[in-house]
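1. just need the structure, nothing else, for what follows:
(2 chains)
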2 protein chains.
Amino acid sequence: MAAHSGRADHAFPQAQRDAVYRAIHERRDVRAQFLADPIPPEVLARLLEAAHHAPSVGFMQPWDFLLIESLEVRRRVHGIFERENARAAENHDGERGQLYRRLKLEGILESPLNLCITCDRARGGEHVLGRNSIVDTDLFSTCLAVQNLWLSARAEGIGVGWVSILDQDELAQVLGLPDRVYPLAYLCLGYVSEFLEQPELARSGWRQRLPLGELVHGNGWGHPLVDEALQEALGEVDRP
Amino acid sequence: MAAHSGRADHAFPQAQRDAVYRAIHERRDVRAQFLADPIPPEVLARLLEAAHHAPSVGFMQPWDFLLIESLEVRRRVHGIFERENARAAENHDGERGQLYRRLKLEGILESPLNLCITCDRARGGEHVLGRNSIVDTDLFSTCLAVQNLWLSARAEGIGVGWVSILDQDELAQVLGLPDRVYPLAYLCLGYVSEFLEQPELARSGWRQRLPLGELVHGNGWGHPLVDEALQEALGEVDRP
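-> You can find the predicted model right below:
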């Protein structure tokens, strides 16, 4: 190993590191706490620009951003949600079914802004660098843009909720998307009355966070970690 | 609208917001700048814990983390890369082909640690809340974990590179993954000699960042923005 260690050279100062971790830990999937206050244009521009700085395979930047304020459009999307959710609820019986029906799963109409982040599957032409082995890397890249937006929104005090209970074909039709464009993420955005301390599904007893230590493997699936100090460190950082 | 505005209540202080945006803007897909210095266990634990705090559909947390230090395993993965990349290079002719062959696209052997983040497609059982309409939401959730790790790594001064030029079936075999587990992201991690100011593909002239304003639509695809102030704000925040 070279005498020079670059370790400390590029790390953020402690306070900045803490801020990044704060955004990660205090981010929530918001459904029920939206306020009607509009998001100022300069704040919204910062969020979109953060999303646009996500990594993408071959730098293809396959995303587009549809800002949906129209109540009429949102009502149509909400209708899609209601049909899909009624179908989904049938999968859960008894007490679990009752709990499912009590959960609030979207804020399409209460949030002041809906944002659809799409993936243009033809952007960058036929041969995108790095996309020859795994064609879905364009979808994966678009997800990374979603998370950039989600974290920067938390830093701005703005809640984001991802509505995944939607028929994507119907959604694409409502939004007038070309065939090549996939509506990857339908998000609700707005300031909030509070960010919950715990994810809503944990608080309601639906499902709890898994212990981190059980999810970490060594040099292959199920292999123990080589470094015992890491196993210990995983236990120390784990939080609910 | 209520007299009470919750806007300012939950936003981070300016310095913390700036730190989150700094991580987003200064994050790079690292291939060529890795140093051999090992990542201390407590730092690695923080990164994995940040990934584990990503949002996931139905709180299913489908991810696992394989920490690959073994040079033998990494050599086998590198072999998969070389075969796939030779095939990919054939898609690019002439000057473009020459440029492609000059690009360094992975740091599998030079980085001190490889990390495969997988997606267990059966976790959470048959009916995962929010996964009835779009079955790939488990893959999307795993991508969000990748981005949490990528951003926190940047704050720690650690570079991350995503190797997407791999045959996933061969990779799964090398890592001994069960059939239900998909190797979503194969990442190289390590401290770096520098973080480039621009993405490597922009710097090399392969592809440039798109103007943000061209990617933002109104209430449907191709619709103009309702808010002119937003169009102006988009131009102001845009950076290469």
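2. any idea how far the spatially closest residue to A:Pro240 that is not a sequence neighbour is from B:Arg46?
-> Of all residues not flanking A:Pro240 in the chain, A:Arg209 sits nearest, at 5.5 Å (CB to CB, 6 or more residues apart in numbering or on different chains). Every C-beta, even on glycine, is put in place using the N, C-alpha and C of the backbone. Distance from A:Arg209 to B:Arg46, counting by CB to CB, to the nearest Å: 16 Å.
3. C-terminal to the longest strand seen in chain A, what's the next element?
-> In chain A, with assignment by DSSP state E, the single longest strand is strand A:181-191. Next helix or strand after strand A:181-191 toward the C-terminus (DSSP states H and E): helix A:200-203.
4. distance between that next one and the chain's centre?
-> Mean C-alpha position of helix A:200-203 versus that of the full chain (CA atoms, centre = their mean, to the nearest Å) differs by 17 Å.
5. the helix or strand following that helix: partners in the sheet, and parallel or antiparallel?
-> Note on helix A:200-203: by DSSP H and E, the next helix or strand toward the C-terminus is strand A:216-217. Strand A:216-217 has its sheet partners listed here by DSSP bridges as strand B:63-68 (parallel).
6. ok, and what's touching the partner strand?
-> A:215-221, A:225-226, A:230, B:44, B:48, B:51-52, B:54, B:56, B:74, B:77, B:113-120, B:141-142, B:145, B:175, B:181 (CB atoms under 8 Å, 6 or more residues apart in numbering or on different chains).
7. quick one on the thing from earlier: neighbour count: A:Arg209 and B:Arg46, which is higher?
-> For A:Arg209 versus B:Arg46, neighbours defined as other CB atoms under 10 Å in any protein chain shown are more numerous around B:Arg46 (23 against 16).
8. isn't the more buried one right next to A:Tyr21, touching?
-> Yes: assessed by CB atoms under 8 Å, B:Arg46 is found in contact with A:Tyr21 at 7.2 Å.
9. overlap in contacts, the two.
-> Common neighbours of B:Arg46 and A:Tyr21 (CB under 8 Å, 6+ apart) are B:Ser152.
10. domain assignment for chain A?
-> As assigned by automatic domain parsing, chain A contains the domains A:22-201, A:209-240.
11. worst average pLDDT in these?
-> Lowest mean pLDDT within the domains of chain A: domain A:209-240, at a mean of 93.
12. got the end-to-end distance for that domain?
-> End-to-end span of domain A:209-240 (CA to CA, to the nearest Å): 6 Å.
13. ok, stretch A:114-127 next?
-> Stretch A:114-127: ends 33 Å apart by CA to CA.
14. which parts of it are buried?
-> By neighbour count on 16 or more other CB atoms under 10 Å in any protein chain shown, the buried set for stretch A:114-127 is A:114-121, A:123-124.
15. do stretch A:228-235 as well
-> Going by neighbour count (16+ other CB under 10 Å), the buried part of stretch A:228-235 is A:230, A:233-234.
16. what's it in contact with?
-> So stretch A:228-235 is contacted by A:212-213, A:216, A:225, B:41-42, B:44-45, B:48-49, B:67 (CB under 8 Å, 6+ apart).
17. what is the nearest of these to A:Leu129?
-> Checking the contacts of stretch A:228-235 against A:Leu129 with CB to CB, the nearest one is B:Leu67 at 27.5 Å.
18. separation between the closest one and B:Val174?
-> For B:Leu67, the distance to B:Val174 - CB to CB - is 15 Å.
19. for A:Leu149, same thing?
-> If you go by CB to CB, the gap between A:Leu149 and B:Val174 works out to 34 Å.
20. compare these two (neighbour count), which wins?
-> A:Leu149 (28 against 21).
21. name the nearest residue to that one, sequence neighbours excluded.
-> With CB to CB, 6+ apart as the criterion, A:Leu149 has its nearest non-adjacent residue at 4.0 Å, and that residue is A:Ala51.
22. could you check the angle the helix or strand containing that neighbour makes with strand A:181-191?
-> Using DSSP H and E, A:Ala51 sits within helix A:41-52. Between helix A:41-52 and strand A:181-191, the angle comes out at 140 degrees (axes from the mean of the first three to the mean of the last three CA atoms, to 10 degrees).
23. what is helix A:41-52 packed up against?
-> strand A:63-68, helix A:137-155, helix B:14-26, helix B:228-237 (3 or more CB pairs under 8 Å, 6 or more residues apart in numbering or on different chains; DSSP states H and E).
24. what separates the last one from the chain centre, distance-wise?
-> A distance of 27 Å separates the centroid of the chain from that of helix B:228-237, by CA atoms, centre = their mean.
25. again with stretch A:131-138
-> 20 Å.
26. ends of that stretch, what's the gap?
-> Start-to-end, stretch A:131-138 (CA to CA) is 8 Å.
27. mind listing what's buried in it?
-> So for stretch A:131-138, counting by 16+ other CB under 10 Å, buried means A:131-134, A:136-138.
28. picking up where we left off before, ok, and what's touching the helix holding A:Ala51?
-> Contact with helix A:41-52 is made by A:61, A:63, A:65, A:67, A:113, A:117, A:145-146, A:148-149, A:151-153, A:156, A:158, A:189, B:21, B:24, B:209-210, B:212, B:215-216, B:227, B:229-230, B:232-234, B:236-239, as judged by CB under 8 Å, 6+ apart.
29. name the residues of it that are buried.
-> Judged by neighbour count using 16+ other CB under 10 Å, the buried positions of helix A:41-52 are A:41, A:43-52.
30. for stretch A:23-39, same thing?
-> Across stretch A:23-39, burial judged by 16+ other CB under 10 Å covers A:23-24, A:26-35, A:37-39.
31. and it with chain B, contact?
-> Yes: using CB under 8 Å from any CB of the partner chain, a contact is recorded between stretch A:23-39 and chain B, made by A:23-25, A:27, A:29, A:35-37.
32. how far does that stretch sit from the chain's center?
-> 12 Å.
33. and for stretch A:177-186?
-> 16 Å.
34. could you do stretch A:50-70 as well?
-> The answer for stretch A:50-70 is 13 Å, by CA atoms, centre = their mean.
35. distance between the ends of it?
-> Start-to-end, stretch A:50-70 (CA to CA) is 24 Å.
36. report the buried residues of that stretch.
-> Neighbour counts using 16+ other CB under 10 Å place A:50-68 of stretch A:50-70 among the buried residues.
37. what's the answer for stretch A:10-24, then?
-> So for stretch A:10-24, counting by 16+ other CB under 10 Å, buried means A:10-12, A:16-17, A:19-24.
38. what of stretch A:213-230?
-> A:213, A:215-219, A:221, A:223, A:225, A:227, A:230.
39. give me the contact list for the stretch of helix or strand A:Arg74 belongs to.
-> Under the criterion of DSSP H and E, A:Arg74 resides in helix A:71-89. With contact meaning CB under 8 Å, 6+ apart, helix A:71-89 is reached by A:68, A:97, A:100-101, A:105-106, A:108-109, A:114, A:163, A:165-167, A:170-171, A:174-175, A:186, B:127, B:129-130, B:132-133, B:219-220.
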